[in-house]
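Undergrad: Got a sequence here, can you build the structure:
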Amino acid sequence: MSKPRKPKGRPISGWLILDKPVDFGSTEAVSKIKWLFKAQKCGHAGTLDPLASGMLPIALGDATKTVPYVMDGRKIYEFTVTWGEQRSTDDLEGEVIESSDKRPTEDEILALLPNYTGVINQVPPQFSAIKIAGERAYDLAREGETVEIPSREVEIYRLTLLECENENTAHFEVECGKGTYVRALARDFGRDLGCFGHISGLRRTFVAPFAEETMIPLAELVALEDIQDDEERLAALDALLIDTSEALSSLPHLIVNDDQAHRLKMGNPILVRGRDAPVEESEAYATARGKLIAIGEIGQGEFRPKRVFG
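TA: Numbering: from 1, shown residues only. This next block holds a predicted model:
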């Protein structure tokens, strides 16, 4: 009987908050980080288009189990809309499919923004990862097909006009929920204003719960490749990681002792006691000695683990 294959790489865990440069794909970024850290597992929490820059949270090792909690978090983007052209991809990459000589005034733009605040219905772009009859919309679009993509509800918490640089462009900031396409906002702004529009600049500055100052530029990581000593280089990289539990900061938190941690790691429930103990929670997380032990639920005086961490 053959022995099970040992996973390649280090069992390192944590979050790296990458400041992704323009013209660098999200999948390419994950591959680069996995190689740099010699990590066994790696994944990202929310794609950024190649033409977009900014925050790309990357999970290493056990942190990949917490990706859904970051995917569900609020995001903040700064973006520039260029008026006068609608493009097939709703950004600079696509072909011009509609054009207009009209340009909106600042007052017209400001009057439009309340219509895009709160819960709104949005049709994702033709070039998006939405699945239509089992096919990705962008694959169908590349083959020249125009598909009917159903609208869906997204939430816009805040939408601000930052600057009208000139009559051709406007710079915005948006704080939004899961599934919002900023490219679709630019497209719909242009249609409503009767002048057409597309994204000409996009930067993500926040993905809850990670703050902008936690971002690490790719160039800073690449510079560490110059360290010849493997141990020294990996130690410098590891120092940039954020603890896995930071992704769960919106959930109730239990601090457990070593005995309780051992029980949880074995998949067993533990008793939750104390005047301030949560009574019932569909999701909570437990740590011991500052390290994440488990994500689970609280009910009937017990914390029951659903996912455990090494």
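
Undergrad: Can you show me the helices along the stretch 1-150 of the chain?
TA: 26-37, 67-71, 106-112, 137-142 (DSSP state H, counting those that start in this stretch).

Undergrad: And the strands in the stretch 201-310 of the chain, which stretches?
TA: 216-217, 253-255, 270-271, 281-288, 291-299, 302-308 (DSSP state E, counting those that start in this stretch).

Undergrad: any idea of the mean pLDDT for the last one?
TA: Read that as strand 302-308. The average pLDDT for strand 302-308 rounds to 95.

Undergrad: Likewise for the second one?
TA: Along strand 253-255, the predicted confidence averages to a pLDDT of 91.

Undergrad: Also the fifth one?
TA: This predicted structure assigns strand 291-299 an average pLDDT of 94.

Undergrad: Name the surrounding residues that touch that strand.
TA: 62, 65-66, 243-245, 248, 251-252, 254, 256, 261, 264-265, 269, 272, 278-287, 303-309 (C-beta atoms under 8 Å, 6 or more residues apart in numbering). Where you see a C-beta, it was placed from the backbone N, CA and C, and this is true even at glycine.

Undergrad: Identify each buried residue in it, please.
TA: 292-296, 298 (16 or more other C-beta atoms under 10 Å).

Undergrad: Can you tell me which of the residues you listed is closest to Phe172?
TA: When those are compared for distance to Phe172 (C-beta to C-beta), Ile295 wins out at 35.6 Å.

Undergrad: what bridges to that closest one?
TA: Counting by DSSP bridges, Ile295 forms beta bridges with Tyr285, Arg307.

Undergrad: Against Gly94, how distant is it?
TA: Using C-beta to C-beta, to the nearest Å, Ile295 is found at 41 Å from Gly94.

Undergrad: swap in Glu213?
TA: The value you get for Glu213 to Gly94, if C-beta to C-beta is used, is 34 Å.

Undergrad: Point out the most buried one among the strands of the stretch 201-310 of the chain.
TA: Ranked by mean neighbour count, these are led by strand 291-299 with a mean of 20 (mean count of other C-beta atoms under 10 Å).

Undergrad: Determine the angle, from 0 to 180 degrees, between that one and strand 302-308.
TA: Calculated by axes from the mean of the first three to the mean of the last three C-alpha atoms, to 10 degrees, strand 291-299 forms an angle of 130 degrees with strand 302-308.
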